[in-house]
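Novice: predicted model and sequence below, questions to follow.
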Amino acid sequence: MMKHPRFLKNQVKLEIQCALSAFPGMTLLTLPWFLGEVRGYSQLYDDPAKYGYAYLVLSVPFFLVFTDYLVYWIHRLLHHPMLYKHLHKPHHKWLIPTPFASHAFHPIDGYAQSVPYHLFIYLFPLQRWVYLGLFVAVNFWSIFIHDSDMITGNTFINIVNGPAHHTLHHLYFTCNYGQYFTWADRWGGSYKHPSAEFDPMNDIKLVDAAAAKHKSD
């Protein structure tokens, strides 16, 4: 994807610099949530059997659906013109993102989209090791969906908001705001289905073909 005409010069370096500069601010903003957890104000619990094993298992999809829906609306709100140019625009500098763009945010933008993950455990019980696992998984998922991969036709493409969906979000801005699933976008009228015609590789092929033609001439 680095050959794409909209891939910025030194983009990977710029993404890394943006992410590293955002981490201190995001950490400070997030600190009160973690402090509350450490001091016992959240509903994290230790004993897996405390609320029953059925709840333990069901708390995982509940967490994913709850956070996905809130992230959808926070993300969509960040695209409002009054907020976008000040907060979210730095993240959309990367039209053809790499995994390093996953955390390349304005600090307030990154923090705002993390709030649902912290809010959940203040509203609902969650086993602390499950929470830790989900928190790590969320970050890996964010990295995964920023690889500009437009592989389509997989079994879950209509349900799961994967790399192809998020690639379209970076290219077209006003679609596919969801984090894990497509249902919120479908309900909100912002769903754009990935198809081969939108693949950024098409642009690369055109550039390569034009270069080859110019060379042959």
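Specialist: Thanks, I have it. Numbers count the residues shown, from 1 in each chain.
Novice: residues contacting Phe100?
Specialist: 12, 15-16, 19, 146 (CB atoms under 8 Å, 6 or more residues apart in numbering). (Glycine included, C-beta is placed from N, CA and C.)
Novice: need these in CSV (columns: secondary structure).
Specialist: Formatted as CSV, the entries for the contacts of Phe100 read as follows, by DSSP: H, G, I helix; E, B strand; the rest coil:
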residue, secondary structure
Val12, helix
Glu15, helix
Ile16, helix
Ala19, helix
His146, coil
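Novice: which of those lies closest to Leu56?
Specialist: Closest to Leu56 out of those is His146 (30.7 Å), distances taken as CB to CB.
Novice: now for the closest one, how many residues are close by?
Specialist: Here the number of neighbours of His146 (other CB atoms under 10 Å) works out to 23.
Novice: rewinding a little: report the buried members of the contacts of Phe100.
Specialist: Among these, those buried by neighbour count (16 or more other CB atoms under 10 Å) are 15, 19, 146.
Novice: and the second one, how close does it get to Ser102?
Specialist: Using CB to CB, to the nearest Å, one obtains 8 Å as the distance from Ala19 to Ser102.
Novice: picking up where we left off before, which two in the contacts of Phe100 are spaced the farthest apart?
Specialist: The most widely separated members of the contacts of Phe100, counting by CB to CB, are Ile16 and His146 (12.8 Å).
Novice: so, low pLDDT: which residues of this structure?
Specialist: Judged by pLDDT under 70, the chain has its weakly predicted residues at 1, 207-208, 210-217.
Novice: which SS class is the one residue sitting closest to the centre of the chain?
Specialist: Taking CA atoms, centre = their mean as the criterion, Ser142 is the residue nearest the geometric centre of the chain, at 4.4 Å. Per three-state DSSP, the secondary structure class of Ser142 is helix.
Novice: shouldn't it be in contact with Ser102?
Specialist: Yes. The criterion here is CB atoms under 8 Å, and Ser142 meets it with Ser102 at 4.3 Å.
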